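Colleague: Structure of the sequence below:
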Amino acid sequence: MLSVEDALASVFEAIDEVNMQLPAHQHVTKTPATALTGDQSPLDSLALINLIVALEEVIARQRGEALQLLDEDLLGEPDGPYSTPATLAAYVASAA
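Modeller: Residues are numbered from 1 along each chain as shown. Below you'll find the predicted structure:
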C-alpha cells in the first residue's frame, strides 16, 4: 500500500524529471494544488502524458512493480485525477 504522502513525493519526483525536459517558462511548481490540466497549467497534453509516464517509472523504481496510471478516458476530465499533484497522488495511492 502506498500512502497519499508517499505518492505525493513520487509525483514531485516525476515533476522534477519532467521539468528537466521543459523550458523554464513551462516548469511545473511543486505544490499540491498546482494545476496540471486546463488553462492554468503550464503543461500541454504531451507534457502531461510525459509526467504520468515519468510517475509510472518513478513508482516502478521505488516499488519494484509496474503501475499503469495513464487512462485516456481520464485525460479530458477537468476535475479528474490528473488535475493537480494532490489529486494525482490520491489516484496513485488508490491504484497501488
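Colleague: Point to the helix or strand of the chain where mean pLDDT is at its lowest.
Modeller: The helix or strand of the chain with the poorest confidence is helix 72-75; it has a mean of 86 (mean pLDDT, DSSP states H and E).
Colleague: Which strands or helices does the helix or strand that that one is followed by pack on?
Modeller: Later in the chain than helix 72-75, the nearest helix or strand by DSSP states H and E is helix 85-95. Using 3 or more Cβ pairs under 8 Å, 6 or more residues apart in numbering; DSSP states H and E, the elements in contact with helix 85-95 are helix 4-19, helix 45-63. (C-beta placed from N, C-alpha, C; glycine too.)
Colleague: Give me the buried positions along helix 85-95.
Modeller: Of the residues in helix 85-95, Pro85, Ala86, Thr87, Leu88, Ala89, Ala90, Tyr91, Val92, Ala93 count as buried by neighbour count, 16 or more other Cβ atoms under 10 Å.
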